[in-house]
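Peer 1: Sequence first, predicted coordinates after that:
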Amino acid sequence: MNCLITGGAGFIGSHTADLLAWQGHKVRILDSLEPPVHPERKRPAYLSSAFEFVQGSVCDKNTLSGALSGIDIVFHLAAYQDYLTDFSKFAHVNDFGTALLYEVIINDRLPVRKVVVASSQAVYGEGKYECPQHGVQYPSPRPLSQLTRRDWEIKCPICQETMRSLPTDESVVNPNNQYAVSKYCQELYALKLGRRYDIPTVLLRYSITQGPRQSFFNAYSGILRTFSLQLLNGRSPTIYEDGQQLRDYVHVSDVARANLLVMEQDAANYRAFNVGGGAVATVLDYAQLLISLTHRSTEPTIGGQFRWGDVRHIRSDTSSLNSLGWKPAKSLEETATDYLGWVQSQPDAVDTSAHAAAVMRQMGVIRDSSPESS
Ligand SMILES: NC(=O)c1ccc[n+]([C@@H]2O[C@H](COP(=O)([O-])OP(=O)(O)OC[C@H]3O[C@@H](n4cnc5c(N)ncnc54)[C@H](O)[C@@H]3O)[C@@H](O)[C@H]2O)c1
């Protein structure tokens with residue numbers, strides 16, 4: 001197959017490219033080499049010279065049209081994903097870019113056989129919960145006043161009792177921030193236009209994806225890169241809230257396998273699948289794991305700060321993708337070990353987390369809490 005990967009110079013795209021090439025497919029990459037992922041705006045050294053590379057944006061019609069010529073399968077991974085308040089940029093890259101992709105395929109009558117769209121667990125917002133009295137709930141974000149007084153857990157919207165988080169399946173979405181809204185909107189463009197014009201389309205909602213090549217220049221998010229860089233630079237990991245937040249993590253090689261699986265299987269067409277679910281840990285346990293793997297004698301810093309917009313707990317139910325034959329192969333420890341090995345081999349790996357934290361504080365993303373503020 002001739003495959004186009006938008007955003008293929010990035011983390012997940014480059015691993016998907018390697019797997020496709022290994023299985024005998026031809027790979028073309030369309031990537032605008034955005035900073036901070038590519039600070040020097042150069043084709044990364046890890047991209048095989050066997051891949052055709054087009055530098056340009058998914059928001060440019062002529063570039064997209066050229067990149068799509070002769071393509072059977074599109075993996076649409078290019079995205080703007082950050083933690084800042086430039087809301088319109090999320091809509092521009094993630095939604096306009098996706099609408100333009102289908103516009104070019106349809107108007108140029110291109111024989112594209114399938115589009116695989118990289119979506120995110122973020123579309124679930126707070127995800128699925130259970131109240132002992134009122135059953136399953138899909139709650140709204142916690143109010144600022146609750147977080148300010150260090151009351152971290154999600155309450156039942158009916159009785160205000162603390163609820164239990166459940167693995168979240170694909171059935172209910174509830175996006176709550178600019179990134180999540182843009183990813184859900186991207187899903188709607190892809191699925192609705194795909195169905196209407198008979199372009200088989202699959203949506204993959206990745207959990208937190210980790211592994212080698214994850215850019216360390218962007219420290220606004222990414223627990224593994226942030227904690228690793230803090231520890232490798234002699235600092236202790238900064239924990240927001242109380243560290244008891246549950247998350248699920250998936251190795252990038254497992255995500256690349258999911259991309260190829262849904263490319264191959266017609267049963268995946270016009271559906272959304274969670275990709276993750278295997279490795280679940282609290283933020284604090286993850287910090288302790290990294291302290292142990294980096295052989296540091298420090299303790300995580302829990303300073304009463306929180307990030308306005310973070311969800312409390314989220315973990316994906318991957319039964320749907322499991323039923324197509326996918327199962328994550330890598331444990332959390334293997335994932336962290338792989339990343340640490342890679343980051344330590346990079347001469348330009350710098351800890352940008354303090355700068356990122358200062359920017360987020362200035363923008364009102366990082367805030368202080370106090371037990372006395374109730
Ligand atoms: N990494 C995760 O944990 C995660 C989780 C859920 C979903 N996703 C989704 O997976 C996809 C890939 O994420 P990643 O982690 O590999 O990100 P990444 O930042 O490493 O790679 C994204 C690539 O897209 C390119 N890009 C950005 N804007 C572009 C544009 N306008 N035109 C062309 N290229 C552009 C960037 O230069 C970069 O190389 C994204 O759609 C993201 O939303 C990632």
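Peer 2: Yep, it's here. Numbering: from 1, shown residues only.
Peer 1: list the contacts for the residue of the chain found nearest the ligand?
Peer 2: Minimum separation of the chain from the ligand (CB to the nearest ligand atom) falls at Gly10, amounting to 1.9 Å. All C-beta atoms are positioned from the backbone trio N, CA, C, and that covers glycine. With contact set as CB atoms under 8 Å, 6 or more residues apart in numbering, Gly10 has these partners: 31, 37, 77-78, 215.
Peer 1: I'd like the residues you listed laid out as a markdown table, including secondary structure and pLDDT.
Peer 2: Below are the contacts of Gly10 laid out as a markdown table (DSSP: H, G, I helix; E, B strand; the rest coil; pLDDT from 0 to 100):
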| residue | secondary structure | pLDDT |
| --- | --- | --- |
| Asp31 | strand | 98 |
| Val37 | coil | 87 |
| Leu77 | coil | 98 |
| Ala78 | coil | 98 |
| Ser215 | coil | 81 |
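Peer 1: Of those, which are in range of the ligand?
Peer 2: Restricting those to those within reach of the ligand (CB under 6 Å from any ligand atom) leaves 31, 37, 77-78, 215.
Peer 1: quick one: Tyr270 and Thr201 touch, right?
Peer 2: Yes - with contacts counted by CB atoms under 8 Å, Tyr270 reaches Thr201, the gap being 6.1 Å.
Peer 1: who touches both of the two?
Peer 2: Contact criterion CB under 8 Å, 6+ apart; residues shared by Tyr270 and Thr201: 191, 194-195.
Peer 1: The ligand contacts on this protein?
Peer 2: The chain comes close to the ligand at residues 6-7, 9-13, 30-34, 37-38, 57-59, 77-81, 93, 97, 118, 120, 206, 208-209, 215, as judged by CB under 6 Å from any ligand atom.
Peer 1: Please identify the buried residues of the helix or strand of the chain with the lowest mean pLDDT?
Peer 2: Lowest by mean pLDDT, DSSP states H and E among the helices and strands of the chain is helix 353-362, with a mean of 85. Neighbour-count burial for helix 353-362 flags 353, 356-357, 359-360 (criterion: 16 or more other CB atoms under 10 Å).
Peer 1: got these as a markdown table, with distance to Asn259 columns?
Peer 2: Output for these, formatted as a markdown table (distance: CB to CB, whole Å):
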| residue | distance to Asn259 |
| --- | --- |
| Ser353 | 29 |
| Ala356 | 29 |
| Ala357 | 33 |
| Val359 | 32 |
| Met360 | 31 |
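Peer 1: and which of these is nearest to Pro143?
Peer 2: Set against Pro143, the nearest of the buried residues of helix 353-362 by CB to CB is Met360 (19.8 Å).
Peer 1: what about the closest residue to Phe90 other than its chain neighbours, distance to His355?
Peer 2: Nearest residue to Phe90 in three dimensions, chain neighbours excluded: Ser182, at 3.9 Å (CB to CB, 6 or more residues apart in numbering). Ser182 sits 25 Å away from His355, going by CB to CB, to the nearest Å.
Peer 1: next one: Ala279
Peer 2: The gap separating Ala279 from His355 is 29 Å, by CB to CB.
Peer 1: for His15, same thing?
Peer 2: Here His15 is placed at a distance of 27 Å from His355 (CB to CB).
Peer 1: where does Thr168 fall, phi/psi-wise?
Peer 2: Torsion angles at Thr168 (phi, psi; degrees, to the nearest 10) stand at phi -100, psi 120.
Peer 1: Count the neighbours of it for me.
Peer 2: Thr168: 29 surrounding residues under other CB atoms under 10 Å.
Peer 1: Wait, Gln81 touches Ala180, no?
Peer 2: No - between Gln81 and Ala180 there is no contact under CB under 8 Å: 10.3 Å.
Peer 1: Spit out the residues that contact these two alike.
Peer 2: Listed as contacting both Gln81 and Ala180 by CB under 8 Å, 6+ apart are Ser120.
Peer 1: okay, these two: which has more neighbours?
Peer 2: In this view Gln81 and Ala180 are compared by other CB under 10 Å, and Ala180 has more residues nearby, 22 against 18.
Peer 1: Which secondary structure element is home to Arg205?
Peer 2: Per DSSP states H and E: Arg205 is located in strand 201-206.
Peer 1: from the middle of its chain, how far away would that strand be?
Peer 2: In terms of CA atoms, centre = their mean, to the nearest Å, the centre of strand 201-206 is set 12 Å apart from its chain centre.
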